[in-house]
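S.K.: Show me the folded form of this:
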Amino acid sequence: MKQLPNRITEIINELIDQYTEEDRYNRPWIIGFSGGKDSTVLLTLVWLALRKIRGEKTAALKRSVYVVCNDTMVENPIIEEYVTNVLQTIKKAAKEQQLPITVVTTTPQVEDTFWSCVIGKGYPVPNNSFRFCTERMKIKPTSVFIANQISTDGEVIILIGTRLSESQQRAKSIKKHEVKGHRLSRHPVTPNTYTYAPIKELMLEEVWYIINAIPSPWSFDNQILFKIYLDASADDYECPTVVTSDSHRSCGQSRFGCWVCTVVKEDKSMNALIKNGIDWMQPLLNFRNKLVENRNVSDNRSETRRNGQLAVDETGHKMGNYTMEYRIQLLRELLTIQKDTQQYRSSIDLITSQELIAIQVMWYRDGNFTTTVNDIYTEIYGYNLSNDNIGLQERLLLEKSCNNPAHYSLIQELLALQKNKVLLMKKYGLQNDLEARLETFIKET
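M.R.: Below is the predicted model:
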C-alpha cells in the first residue's frame, strides 16, 4: 500500500497504542457497524492497525474485536443487501488473515419489531413524541449483547464512528462525555463500559478519501458503497470533487435508516434512489408516506390505549391504539407491496414469517378470531403461510440462480407446500400437490 497521509497514519498509530495498552481485563473492543461511510472507515483503520501489530510482532493480538451490526428488520433494502454481503466478506477475511475479529448481528425480539408493534399491537407509527422504535429495535438488542460481554470480560470498550464535523448535536454530545486528556470516556448509561471515538476529528472529505483511495482490507469493492451514496444524494446536495483526483470524490451526507421511518418529514435518500432509477422502491415510499398521513386519523384509532386508559380529546377525536380493522388493512397492503416488489427483486421480504405468526398471536389476545393472518397471506400469495423463513443471504443466492422471478416464486411455493405437509404426521398427498403445482405453472407460462 502506498504511503498514507500523516493524519490517517496518526489515527492508526493511536489505535495500535490503545489496543496494545496493558489492562487487567484485556477489555474487548466492540465496533458498531452499520455499513455506512463512517463505520466503514472506523473498521478499515482498526483492521490496518491490527495487521500492523501482527506484522511488527511487537505485541500479540490478544484483545477480541467484535463487529456488531444491528438489523432493525426494516432496513432500507439496498443497504440491507449491501451490509449482508459485506459482513460475509468481513467474516471470511478475518478468518483468512487470522485476526481476532468476530462478526455479530443483533435483531430485536419478535414482539419488539416494527410490524409486531404497529400491526400486531396497534401502536401508532413513531413520531418525535412517541418514538418506541429506537429503544426496542436498536438500543435493547445491542445492550443485551454488551451486557453479555461485560458478564464474560468484566469491562468493554465501544469504538464509535461519530465525528465532530457531522453536526453540532454530534459535536456537543462527544464533548459532553469526553474526559480531557483521556481517549476513553465512561459510557453515560451502561456500567463497566467505556467509549472511544478514534475518528472524531476527521472531516467528510477525509472519510471519502479513505473509502476511495485505500483498498478495503477485507477485499470488498468500496465503489459499491460510494455508488449507493451517489444514488442516494438528494438534489440539493452536490458531490464535489476534492483532495486528489476525480476518483477520490466526496459524496454527500445521505443518511440511511429504516425504510418505514415516520419520524423524519421526508425520506430524502429513498427519494433520491428512486429518481436515480431504483423504481421498484416507489411503492415502499408511497406506503411509508401513507403511514404518516393516516397516523392521526380518528377512524383508524381506538378510544383507549392498550393499558385501557381513555384516549379521546375534548372534540371526540380518538387517540388510542390502531383499530383491528386498520391493522388488517395495513397487513393486506404490506403483503401486497411485498409480493409486487418480489416481481423485481425476488429476495426481498418486507416482513418475516416469524413476525406474521407473532402478529396472529397478538390478534388472538386482542379478541380477533375472524380474519386471520393466514387468511390474508393466502389471499395475497395463493398458498398458506410457512412456519419457516430463510435468511437474506440464502434468498440472494436463490435469486441469483433464478433467471426469472416466476421461477423464484415457484420454488417458494413448492417449499411452502413441503413445509406445511411437514406439520402433519402423515405426508400423504405431498407428491401429488407438488406435481399439480408444477403442471399448473407449466400451463400458465
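
S.K.: Of all the helices and strands in this structure, which has the lowest average confidence?
M.R.: Every helix and strand in the chain was compared by mean pLDDT, DSSP states H and E; the lowest is helix 168-177, with a mean of 49.

S.K.: ok, then the element right after it?
M.R.: For helix 168-177, the following helix or strand on the C-terminal side (DSSP states H and E) is strand 185-186.

S.K.: could you say what helices and strands that following strand packs with?
M.R.: Using 3 or more CB pairs under 8 Å, 6 or more residues apart in numbering; DSSP states H and E, the elements in contact with strand 185-186 are strand 193-196. To be clear about C-beta, it is placed using only N, CA and C from the backbone, and glycine gets the same treatment.

S.K.: Pairing partners for the strand it packs on, with directions?
M.R.: strand 156-159 (parallel), strand 185-186 (antiparallel) (DSSP bridges).

S.K.: Pick out the shakiest of the ones you listed, pLDDT-wise.
M.R.: When the strands paired with strand 193-196 are ranked by mean pLDDT, strand 185-186 comes last with a mean of 90.

S.K.: centre of the chain versus that one, how much separation?
M.R.: On the basis of CA atoms, centre = their mean, to the nearest Å, strand 185-186 sits 27 Å off its chain's mean C-alpha point.

S.K.: Ok, stretch 109-126 next?
M.R.: 16 Å.

S.K.: buried set for it?
M.R.: 110, 112-126 (16 or more other CB atoms under 10 Å).

S.K.: Quick check: the farthest pair among those?
M.R.: V110 and P124 (20.1 Å; CB to CB).

S.K.: re earlier: deepest of the strands paired with strand 193-196, which one?
M.R.: Of these, the one with the most neighbours on average (mean count of other CB atoms under 10 Å) is strand 156-159, at a mean of 24.

S.K.: Need the contact partners of that one.
M.R.: The contact list for strand 156-159 (CB atoms under 8 Å, 6 or more residues apart in numbering) reads 27-32, 42, 46, 146, 149-150, 184, 187, 192-198.

S.K.: Repeat the analysis, applying 6 Å as the threshold.
M.R.: Residues from elsewhere that reach strand 156-159, judged by CB atoms under 6 Å, 6 or more residues apart in numbering: R27, P28, W29, I30, I31, Q149, I150, T193, Y194, T195, Y196.

S.K.: tally of neighbours for the closest residue to R288 other than its chain neighbours?
M.R.: Excluding its sequence neighbours, the residue lying closest to R288 (CB to CB, 6 or more residues apart in numbering) is V260, at 5.3 Å. By other CB atoms under 10 Å, 24 other residues sit near V260.

S.K.: Would you mind listing the residues in contact with I328?
M.R.: Contacts of I328 (CB under 6 Å, 6+ apart): T371.

S.K.: do you know how far it is from N300?
M.R.: Going from I328 to N300 by CB to CB, to the nearest Å gives 11 Å.

S.K.: give me the element the residue nearest to S219 when sequence neighbours are not counted is part of.
M.R.: Distances taken as CB to CB, 6+ apart put A93 closest to S219, at 5.9 Å, once the chain neighbours are dropped. Counting by DSSP H and E, the element that carries A93 is helix 77-96.

S.K.: go on, V68?
M.R.: Going by DSSP H and E, V68 is in strand 65-70.

S.K.: what sits up against that strand?
M.R.: Contacts for strand 65-70 (CB under 6 Å, 6+ apart): 29-33, 100-106, 138, 142.

S.K.: ok so, going back, is it possible to get a markdown table of the contacts of strand 156-159 that adds neighbour count?
M.R.: As requested, the contacts of strand 156-159 are arranged in a markdown table below (neighbours: other CB atoms under 10 Å):
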| residue | neighbour count |
| --- | --- |
| R27 | 21 |
| P28 | 21 |
| W29 | 21 |
| I30 | 24 |
| I31 | 21 |
| Q149 | 22 |
| I150 | 18 |
| T193 | 21 |
| Y194 | 18 |
| T195 | 21 |
| Y196 | 20 |
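
S.K.: Could you list the buried residues of stretch 87-106?
M.R.: For stretch 87-106, by 16+ other CB under 10 Å, it's L87, T89, I90, A93, A94, L99, P100, I101, V103, T105, T106.
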